[in-house]
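> Provide a 3D model corresponding to the input given below.
(one chain, ligands or ions: 1)
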Amino acid sequence: MAVERLRNYIDGAWVDAGAAACHVVRNPATGAALGECPLGGAAQVDAAVQAAARAFPPWRKTPVEDRIQHLFKLKQLLEQHFEELAATCTRENGKTLAESRGSVRRGVQMVEVAAGAPSLLMGQVLEDVAHGIDCAAIRQPLGVFAAIAPFNFPAMVPLWFFPFAVACGNTFVLKPSEQVPFSQKLVFELVHEAGFPKGVLNMVLGGKDAANALLVHERVRGVSFVGSSAVAEHVYRTATAHGKRAQALGGAKNFIIVMPDADMEAALDNITESACGCAGERCLAAAVVVPVGGCEGRVREGLVARMRRLRVGDGARTGVHMGPLVSAAHKQRVLDYIARGIAEGAELVLDGRSVDADPNGFFVGPTLFDRVAPEMTIAREEIFGPVLCLMPRATLAEALELPRRQPLANAASIFTTSGKAARTFQYEIEASMAGVNIGVAAPMSFFGFGGAKGSFFGDLKAHGRETFDFYTDRKVVISRW
Ligand code: NAD
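Below you'll find the model as predicted:
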């Protein structure tokens, strides 16, 4: 049966991508083909960037109050199509409907905060910096910005960027992940309905060729990236070498410290959700649990019991707690990590390799390793699946040493009832998303978001107030009349 071939959205119209090669998008729960995502390259990117460049001068001159009316309309449309967007997200990514709804909600909140641009874009003025001389710092948009998105939050991640960019008066080109293009197809249908002028928002479908074309295009002023760390570093280096602003959010290996004084029931519920929610395909997922001071028996037993109870299946069905991984290739990658863990001597406490679910889907069940040593591959590399490692330590100081030795530092959490332990953790931990009695230190639209060390390349992070610095230039005007 013929499947839909997706199109690009350029200059206010849906256009054939023209590229010969396509990525077949599949429903990860059944393996069924959903459509073909064209793998565009430099020609398609150039068409989108040129459209955005043409749209920039009039959009920049459009008063911010008028610009944000389109965001209010978009917010309204996203609410109207909320369930459809969540269902699309589940269909192409595999996460459960509840998880998709949660992520779409967080995406809508980005539009809400971006609509506050009239306040958030304000500059500063100081009278009489010298006799009769005043000084003002104003924010001005720069031109065309772009974003390159990952597969794991098909609806939400692009919304971390484009609402803010266009609220500031820039124009935009999005390249979604070729693995999950349908959610953004729907978002861009709503963008069209929201009446943004032609060329203000554009979407080009493709994989690494389209991404690389954006990084070197002379009319692109800045690039945001979310994905794996190796690509994040490449994106940051290439974009900055071509004179662009860049923020590149990379991969993760998140540590969770459990103190013996923790509210153990709540902690274990949270950790299970953190490790297995979204099938572990979350840059904020728990990857390593460090029970401190002799509580490892309770932690291990509690996690096994909870992980066993999770019902794995099609995320679109009610009663399912955990969906499949995104693709057959990614499933194989996770299975290879499990095999590696066994080969390197870790104890496989819970084996998720055989699951009672559709054999055509890309399922891996909750998996728990104990006796994991820091030098093992499963302790060092991001697995991006429902695989959790236990590494007990005697003291908080020893526990804090583990993430310090890890090159990635996206998120980390502590579970404790001791303010002193929480304060020490918050002070010492290098990850920039720090949770205290929180399993997933999630991004909030009104705060900034991004990791540290090998999890982030750049300086200004995504959304929150600092995004207004990323998307504008400060001009200082000194005047004497
Ligand atoms: P990925 O790096 O494979 O791909 C991300 C994007 O980059 C895609 O659009 C892809 O087409 C493009 N791309 C892939 N290879 C490229 C190359 N060589 N040159 C240029 N572009 C290229 O990541 P993914 O598998 O889609 O997503 C999972 C990763 O994203 C995980 O590592 C996860 O931790 C990370 N992630 C991080 C955050 C965060 O906030 N730090 C959030 C979500 C996901």
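
> Break down the stretch 101-250 of the chain into its strands, ranges please.
124-130, 133-141, 144-148, 171-175, 201-203, 220-226, 245-249 (DSSP state E, counting those that start in this stretch).

> Single out the most deeply packed of those.
strand 171-175 (a mean of 30; mean count of other C-beta atoms under 10 Å). To be clear about C-beta, it is placed using only N, CA and C from the backbone, and glycine gets the same treatment.

> In contact with the residue in the stretch 151-300 of the chain positioned nearest to the ligand, which residues?
Going by C-beta to the nearest ligand atom, the ligand is nearest to residue 227 of the stretch 151-300 of the chain, at 2.7 Å. Residues counted as contacts of residue 227 (C-beta atoms under 8 Å, 6 or more residues apart in numbering) are 148, 149, 150, 235, 249, 250, 251.

> Around the ligand, pick out the residues from the stretch 251-400 of the chain.
251, 252, 283, 382, 384 (C-beta under 6 Å from any ligand atom).

> got the residues you listed as a markdown table, with distance to residue 129, secondary structure and pLDDT columns?
Conversion of these to a markdown table gives the following (distance: C-beta to C-beta, whole Å; DSSP: H, G, I helix; E, B strand; the rest coil; pLDDT from 0 to 100):
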| residue | distance to residue 129 | secondary structure | pLDDT |
| --- | --- | --- | --- |
| 251 | 46 | coil | 98 |
| 252 | 45 | coil | 98 |
| 283 | 44 | coil | 97 |
| 382 | 50 | coil | 98 |
| 384 | 52 | coil | 98 |
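
> Quick one: which of those is the most crowded by neighbours?
residue 283 (29 neighbours; other C-beta atoms under 10 Å).

> follow-up on the earlier one: next one, pLDDT for the residue of the stretch 151-300 of the chain closest to the ligand please.
At residue 227, the model reports a pLDDT of 98.

> Check whether the lengthiest helix in the chain comes near the ligand.
If you go by DSSP state H, the chain has its longest helix at helix 42-61. No: Helix 42-61 stays clear of the ligand (C-beta under 6 Å from any ligand atom), getting no nearer than 11.9 Å.

> what sits against residue 100?
Per C-beta under 8 Å, 6+ apart, neighbours of residue 100: 85, 86, 87, 89, 90, 93, 155, 315.

> Am I right that the third one is in a helix?
Okay, so that is residue 87. Yes: using DSSP: H, G, I helix; E, B strand; the rest coil, the assignment for residue 87 is a helix.

> okay, and the helix or strand of the protein with the least pLDDT?
strand 4-5 (a mean of 94; mean pLDDT, DSSP states H and E).

> Pairing partners for it, with directions?
strand 33-38 (parallel) (DSSP bridges).

> Now do the partner strand against helix 42-61, angle only.
On the basis of axes from the mean of the first three to the mean of the last three C-alpha atoms, to 10 degrees, strand 33-38 is oriented at 80 degrees to helix 42-61.

> So for strand 33-38, what gets flagged as buried?
34, 35, 36, 37, 38 (16 or more other C-beta atoms under 10 Å).

> is any part of it close to the ligand?
No: on the criterion C-beta under 6 Å from any ligand atom, strand 33-38 is out of touch with the ligand, staying 9.9 Å away.

> Tabulate the CA atom coordinates of that strand in CSV.
Provided in CSV are the C-alpha atoms of strand 33-38 (Å, rounded to 0.1, in the frame of the first residue of the first chain):
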residue,chain,number,x,y,z
ALA,A,33,5.2,2.0,7.6
LEU,A,34,3.6,5.4,8.3
GLY,A,35,5.1,7.5,5.5
GLU,A,36,8.3,8.6,3.7
CYS,A,37,10.4,11.4,4.9
PRO,A,38,12.4,12.9,2.0
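
> Distance from that strand to the middle of the chain?
22 Å (C-alpha atoms, centre = their mean, to the nearest Å).

> Show me the contact partners of it.
With C-beta under 8 Å, 6+ apart as the test, strand 33-38 has contacts from 3-8, 17-19, 21-27, 44, 91-92, 178-179, 181-182, 205-206.

> from those residues, which would you call buried?
By 16+ other C-beta under 10 Å, these give 6-8, 17, 19, 22-23, 25-27, 44, 91-92, 178-179, 181-182, 205-206 as buried.

> residues contacting the nearest residue to residue 54 once chain neighbours are set aside?
The spatially closest residue to residue 54, leaving aside those adjacent along the chain, is residue 199, at 5.5 Å (C-beta to C-beta, 6 or more residues apart in numbering). Residues in contact with residue 199 (C-beta under 8 Å, 6+ apart) are 10, 11, 12, 51, 52, 54, 55, 171.

> Would you map the helices across the stretch 351-481 of the chain?
377-380, 396-404, 419-428, 467-470 (DSSP state H, counting those that start in this stretch).

> Comparing these, which comes out most buried?
Of the helices of the stretch 351-481 of the chain, helix 467-470 is the most buried (mean count of other C-beta under 10 Å), at a mean of 22.

> so, in contact with the ligand or not, that helix?
No: judged by C-beta under 6 Å from any ligand atom, helix 467-470 stays clear of the ligand, getting no closer than 13.6 Å.

> what does that helix contact?
Against helix 467-470 from outside (C-beta under 8 Å, 6+ apart): 117, 120-121, 139, 161, 164, 168, 222, 224, 245, 247, 448, 460-461.

> Close to the ligand: what parts of the stretch 101-250 of the chain are there?
So the stretch 101-250 of the chain meets the ligand at 148-152, 175, 177-178, 207-208, 211-212, 226-228, 231, 234, 249-250 (C-beta under 6 Å from any ligand atom).

> try 8 Å this time
Listed as neighbours of the ligand in the stretch 101-250 of the chain under the rule C-beta under 8 Å from any ligand atom: 148-153, 157, 175-179, 206-208, 210-212, 215, 225-232, 234-235, 249-250.

> Which helix or strand lies directly C-terminal to the least confident helix or strand of the chain?
Going down the chain from strand 4-5, the next helix or strand is strand 8-10, by DSSP states H and E.

> Now that following strand: average pLDDT?
The average pLDDT within strand 8-10 is 98.

> Throw the contacts of residue 199 into JSON lines and include distance to residue 392, thanks.
Below are the contacts of residue 199 laid out as JSON lines (distance: C-beta to C-beta, whole Å):
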{"residue": "10", "distance to residue 392": "54"}
{"residue": "11", "distance to residue 392": "58"}
{"residue": "12", "distance to residue 392": "58"}
{"residue": "51", "distance to residue 392": "56"}
{"residue": "52", "distance to residue 392": "53"}
{"residue": "54", "distance to residue 392": "60"}
{"residue": "55", "distance to residue 392": "57"}
{"residue": "171", "distance to residue 392": "52"}
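
> out of those residues, who has the most neighbours?
residue 171 (31 neighbours).

> Please report the distance of it from residue 10.
12 Å (C-beta to C-beta, to the nearest Å).

> Find residues that contact each of these two.
Joint contacts of residue 171 and residue 10 (C-beta under 8 Å, 6+ apart) are 199, 202.

> Dump the helices of the stretch 351-481 of the chain into CSV; add mean pLDDT as well.
Below are these laid out as CSV (pLDDT from 0 to 100):
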stretch, mean pLDDT
helix 377-380, 98
helix 396-404, 98
helix 419-428, 98
helix 467-470, 98
